[in-house]
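# curious how this folds, go ahead:
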Amino acid sequence: MKISVMKYSRVYITLSAIAILTSIAAMFISWQQVGAPLRPGIDFTGGTRITLELACLGENIGNNENQPPLDQQLDAEIGTEPTESTSTTDSNSNQNEANQACGDQIDIGAVRKVMAENGYGNSVIQLVGNNGRGLSIRTVDLNVDERSQLQQNLAQALEPFGRVDPKQSQIERVGPLLGKQLFTSGILALAVSFIGIAAYLTVRFQSDYAFFAIAALVHDVIITLGVFAILGLTFQIEVDSLFVVAILTIIGFSVNDTVVVFDRIRENLKLSGDRQSFSDIVDISINQTFARSINTTVTALFALIAIFLFGGATLRYFALALIIGFASGAYSSIFNASILLAWWRNRGGGSAGKSSRSGSEQDEPEAAIADS
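Alright, predicted model coming up:
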């Protein structure tokens, strides 16, 4: 199947413009509401995250008499304070063999009431896990005594819905200094990656190729950020240090597709001479690389979808970011970077801007491309 990208170029660019503007608007609204374009997780803000999960009725969670207090079972810190080990007792009672249903989902209103009574009314509270039987709370930095008291109060408030299962529960703490360091390191990593890619593409191709390749990368990053800004506004989804890793991976994957298309454009320019316009060469090059780009992206997406569905809570949003970024990267490499390059060259920009002209004016651009 032959596609004519340049014929509908305005449609493709318009779709991207709408997606970018929507993403920017979402990040602006997020900035107004939470003070950041995305809802920052504990990795960046510092604080304490408490994750609790209730056991189903009849589920074996150990002998109560032999279990240590809940706070001793759950405390497992990372950051500026020493790590306290999480302990759970071995199962000493037989599992109830009858299949008994889990109870009702947690009433998040009751949890908010407990947090407000303890002076943590601004905490972020989410239901997680199956059937709303899990709870994730991100609050301010708590010391050991404050955590212990809060855990006891939460356990009492959750008693009508079931017993807290210490095997499936945990506490994480990140100090404010570590959070700032992670944020700074993430921004620095993104800046270095963009500079490195721009330098490589300028040497490998020409400056206008590099510029539009970077524009495609910015497109992919903004759309990924925009989707997570919307998720943060609607579902209180937070971003953590893994999100920065996802963005860096998206940048590397996306530029790979763009380089393949640009390399084919450059080769076809050498072969065509002045017999074809730059727009025609772009169409030919995209058709030659289209199947390869789509197959590579779809193969990666299958693996990422599996991680998203079965990889657990830790990797779920990391995989989602990659899914969004990879799909956007395939689109921008095919329908954005090449189109923008063609528009620029057809209007006289770059050394090959006169590729559709004949005579002596064409000799110098061709030599420049061959030397690049």
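# pLDDT on stretch 3-13, on average?
Averaging pLDDT along stretch 3-13 gives 93.
# residues in contact with that stretch?
Applying Cβ atoms under 8 Å, 6 or more residues apart in numbering, the set of residues contacting stretch 3-13 from outside is 279-280, 282-283, 286-287, 290, 334-336, 338-340, 342-343. C-betas here are computed from N, CA, C, even on glycine.
# domains for this protein, by residue range?
With domains defined by the TED database, the chain comprises 6-39+178-347, 47-59+104-174.
# just to revisit the earlier point, which one of the contacts of stretch 3-13 has the most neighbours?
Counting neighbours by other Cβ atoms under 10 Å, Ser338 comes out on top of the contacts of stretch 3-13 with 30 neighbours.
# which residues sit in contact with the residue nearest the centre of the chain?
For the chain, the residue sitting closest to the mean C-alpha position, by Cα atoms, centre = their mean, is Ala321 at 2.9 Å. For Ala321, the contact set (Cβ under 8 Å, 6+ apart) comprises Thr224, Phe228, Phe243, Ala246, Ile247, Ile250.
# in strands, which of the residues you listed fall?
Of the contacts of Ala321, none are assigned to strands by DSSP state E.
# ChimeraX command to pick out the buried ones of those residues?
To isolate the buried ones among the contacts of Ala321 in ChimeraX, judged by 16 or more other Cβ atoms under 10 Å, type:
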select :224,228,243,246,247,250
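# among the contacts of Ala321, which one lies nearest to Ala189?
Ranked by distance to Ala189 (Cβ to Cβ), the contacts of Ala321 are led by Ile247 at 8.8 Å.
# so what pLDDT did the closest residue to Leu142 other than its chain neighbours get?
Once flanking residues are discounted, Leu142 sits nearest to Thr48: 4.6 Å by Cβ to Cβ, 6 or more residues apart in numbering. Per-residue confidence (pLDDT) for Thr48: 91.
# confirm that Thr48 sits in a strand.
Yes - assessed with DSSP: H, G, I helix; E, B strand; the rest coil, Thr48 lies in a strand.
# burial count for it?
Other residues near Thr48 number 23, with proximity taken as other Cβ under 10 Å.
# again with Asn153
14.
# now swap in Gly349 and tell me
Using other Cβ under 10 Å, Gly349 has 13 neighbouring residues.
# that one contacts Gln206, doesn't it?
No - using Cβ atoms under 8 Å, Gly349 is not in contact with Gln206; the gap is 10.6 Å.
# any weak-confidence spans in the stretch 1-150 of the chain?
In the predicted model of the stretch 1-150 of the chain, residues 1, 57-102, 130 satisfy pLDDT under 70.
# all helices for it, in order.
Listed in chain order, the helices of the stretch 1-150 of the chain (DSSP state H, counting those that start in this stretch) span 9-34, 42-45, 70-74, 108-117, 144-158.
# which of these sits closest to Glu267?
With Cβ to Cβ as the measure, helix 9-34 is the member of the helices of the stretch 1-150 of the chain nearest Glu267 (21.5 Å).
# just how off-centre is that closest one within its chain?
Put simply, helix 9-34 sits 16 Å off its chain's centre (Cα atoms, centre = their mean, to the nearest Å).
# now that helix: buried residues?
Those buried within helix 9-34 under the rule 16+ other Cβ under 10 Å are Ser9, Tyr12, Ser16, Ala19, Thr22, Ser23, Ala26, Met27, Ser30, Val34.
# just flag the most distant two among those residues.
Ser9 and Val34 (37.3 Å).
# gap between Ile223 and Met6?
As judged by Cβ to Cβ, to the nearest Å, Ile223 and Met6 stand 23 Å apart.
# kindly report the same for Asp274.
Applying Cβ to Cβ, the value for Asp274 to Met6 is 18 Å.
# so those two - more neighbours on which side?
Using other Cβ under 10 Å, the more surrounded residue of Asp274 and Met6 is Met6, with 21 against 16.
# what's the nearest residue to the residue nearest to the centre of the chain if we skip its chain neighbours?
Excluding the flanking residues, the one nearest Ala321 by Cβ to Cβ, 6+ apart is Ala246, at 3.8 Å.
# swap in Ile339?
That would be Ser9: by Cβ to Cβ, 6+ apart, it lies 4.5 Å from Ile339.
# and the angle from the helix or strand containing Ala213 to helix 9-34?
Using DSSP states H and E, Ala213 sits within helix 207-235. Counting by axes from the mean of the first three to the mean of the last three Cα atoms, to 10 degrees, helix 207-235 lies at 50 degrees to helix 9-34.
# mind listing what's buried along helix 207-235?
The neighbour-count check on helix 207-235 (16+ other Cβ under 10 Å) flags 208-217, 219-233 as buried.
# what packs against that helix?
Judged by 3 or more Cβ pairs under 8 Å, 6 or more residues apart in numbering; DSSP states H and E, helix 207-235 is in contact with helix 9-34, helix 176-204, helix 241-272, helix 313-332, helix 338-346.
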